[in-house]
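> let's see this in three dimensions:
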Amino acid sequence: MANRQAIRELQTRLADRLQIARIQGVAPSWLAVEAGGQKYLFPMTQAGEIFPWVAIQSVPYTQGWFLGVANLRGGLFGVVDLASFVTGQTTAPKSEFARKESRLIALNSVMDVNCALLIDRLSGLRNQDAFSDFAEKSSDAPPFFGNQYIDSTGQTWQEINLQLLAQQSHFLTIGV
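You can find the predicted model right below:
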């Protein structure tokens, strides 16, 4: 019960900060999330609505990282397990407790791809001031990876360009 309350408080704080940013004209740069033990940054202009875990209808003969489809506010969205897609490894099924922290992040509707990414947890909003250093994308990184940012605690955050991700043929080819 305490976790549910903490999640609601986090969502309320995020919504308040987004509203303040809109009013003041200063928008945070990234939505910070965690998936598969890794930390990721989604550009705010590319991320869409955040949804709690919902029932996902599996689809046969699809890639292991494609979990199925879900009804999100009356729209049918394909659901991709971000950690599994990035690593190429199938992730273990989530426990009931882990599902309560999990979120589905829809891609911005301007991308015209009805897709949501399953993440393990939200970590808030970040702007450039939250990071002390960065490293440019390595040559062997996927095309949708951006820079890596180091925060004040020394943790590394990988930027993901959601628009480039949504244009990858591997991402769009869900069939086996």
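> now do the helices in the protein.
2-24, 82-87, 96-101, 162-167, 169-172 (DSSP state H).
> would you mind finding the most buried of these?
Neighbour counts (mean count of other Cβ atoms under 10 Å) averaged over each of these peak at helix 82-87, with a mean of 21. (Glycine included, C-beta is placed from N, CA and C.)
> pLDDT weak spots in this protein?
Scanning the chain for pLDDT under 70 picks out 1-2, 19-28.
> where along it do the strands fall?
30-35, 38-43, 47-52, 66-72, 75-81, 103-107, 115-119, 121-126, 131-135, 145-151, 156-160 (DSSP state E).
> give me the sheet partners of the third one and which way each runs.
Read it as strand 47-52. Strands that pair with strand 47-52, judged by DSSP bridges, come out as strand 103-107 (antiparallel).
> repeat that for the fifth one.
Strand 75-81 sits in its sheet next to strand 66-72 (antiparallel), strand 115-119 (parallel), going by DSSP bridges.
> tabulate these (a markdown table), appending distance to Asp129 and mean neighbour count.
Compiled in a markdown table, the strands paired with strand 75-81 are given as follows (distance: least, Cβ to Cβ, whole Å; neighbours: other Cβ atoms under 10 Å):
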| stretch | distance to Asp129 | mean neighbour count |
| --- | --- | --- |
| strand 66-72 | 32 | 18 |
| strand 115-119 | 23 | 24 |
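> can you list those strands in CSV and add distance to Phe42?
CSV is the format used below for these (distance: least, Cβ to Cβ, whole Å):
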stretch, distance to Phe42
strand 66-72, 17
strand 115-119, 8
